[in-house]
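Colleague: Next input, structure requested:
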Amino acid sequence: MRWLRPHVRQLEQRLEKLLRRRGNTREDAEDLIQEAFLRTKIYCDKGGEVQEPEAFLVRTVLNLSRDNRAREHRDLYVRERVEQLLLIPDGRPTPAEVLDTQDRMKELDRTLNRVNPRTREVFFMHRLDGLSYAQIADHFDISVSAIEKHIAKAMSAIGRELMQP
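Modeller: Next comes the predicted model:
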C-alpha cells in the first residue's frame, strides 16, 4: 500500500465529498472511508493486487455506503421484536367510554326531541350536515336571524341538560 501514502489526504477529501453528495453525514463518511482503507489493506495483505487504487477505494466506499443504507432501511422494519408490537397502545375508546358516549347521545336525542321539530331539524342541518345559516334559511325560506334563534334554542336546551346532575 506504499503507492497510496503520498495521496491519502487528497483521496480522503475526494471520497468524503463523494459520500456527502450522496447524503452521508460527515461522521458516517469518515467511518466509511476508514472502513474502505482497512478493507483495502486487508485485501492487499492477503496477496490481492490493486491496479487502480483510487478506483478500488471509490468502489469499496460506495459499496459500503450502499450496504449501510440497506441495513438502516431493513432495520426500520425489524428493529422491534414482534412481541414488543403487542404493547402498542390501542387508540380506540374503552367499552366504558363507548357506553358513556352512547348514554350522552341518548340524552342529547331526548333533549332535542323536547324542542320544536323545526328547531331540531335546523340544529341537525347545521351540526350534522354542515350547512351554513344562510343555506338553511334558503331551504326553509326564512331569515338568517330566525335560523340563529332556532340554533340558540337548541343550544340552550342542550346546555340546560348538561347542567343537571
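Colleague: biggest helix in this protein by residues?
Modeller: helix 53-78 (DSSP state H).
Colleague: mind listing what's buried in that one?
Modeller: By neighbour count on 16 or more other CB atoms under 10 Å, the buried set for helix 53-78 is 56-58, 60-62, 64-65. Glycine gets a C-beta too; all of them are placed from N, C-alpha and C.
Colleague: and if you look at stretch 27-34?
Modeller: For stretch 27-34, by 16+ other CB under 10 Å, it's 28-29, 32-33.
Colleague: Repeat that for stretch 97-115.
Modeller: Buried residues in stretch 97-115 (16+ other CB under 10 Å): 111-112, 115.
Colleague: Mark out where each domain of the chain begins and ends.
Modeller: 2-85, 95-163 (automatic domain parsing).
Colleague: Next, format the ones you listed as CSV and append mean pLDDT.
Modeller: Converted to CSV, the domains of the chain look like this (pLDDT from 0 to 100):
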stretch, mean pLDDT
domain 2-85, 81
domain 95-163, 91
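Colleague: Just the element for residue 93, please.
Modeller: For residue 93, there is no helix or strand it lies in under DSSP states H and E.
Colleague: Leaving out chain neighbours, which residue sits closest to it?
Modeller: Leaving aside its chain neighbours, residue 93 sits nearest to residue 101 (7.1 Å; criterion: CB to CB, 6 or more residues apart in numbering).
Colleague: repeat for residue 64
Modeller: Using CB to CB, 6+ apart, the nearest residue to residue 64 is residue 32, at 4.9 Å.
Colleague: I'd like to know which elements the helix or strand hosting that neighbour is packed against.
Modeller: Assigned by DSSP H and E, residue 32 belongs to helix 26-45. On a contact count with 3 or more CB pairs under 8 Å, 6 or more residues apart in numbering; DSSP states H and E, helix 26-45 meets helix 8-21, helix 53-78.
Colleague: Mind putting those helices into a markdown table with distance to residue 138?
Modeller: As requested, the helices and strands packed on helix 26-45 are arranged in a markdown table below (distance: least, CB to CB, whole Å):
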| stretch | distance to residue 138 |
| --- | --- |
| helix 8-21 | 61 |
| helix 53-78 | 53 |
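Colleague: so how far is residue 94 from the residue nearest to residue 93?
Modeller: 11 Å (CB to CB, to the nearest Å).
Colleague: Could you do residue 117 as well?
Modeller: Residue 117 is 36 Å from residue 94, by CB to CB.
Colleague: With residue 47 instead?
Modeller: 69 Å.
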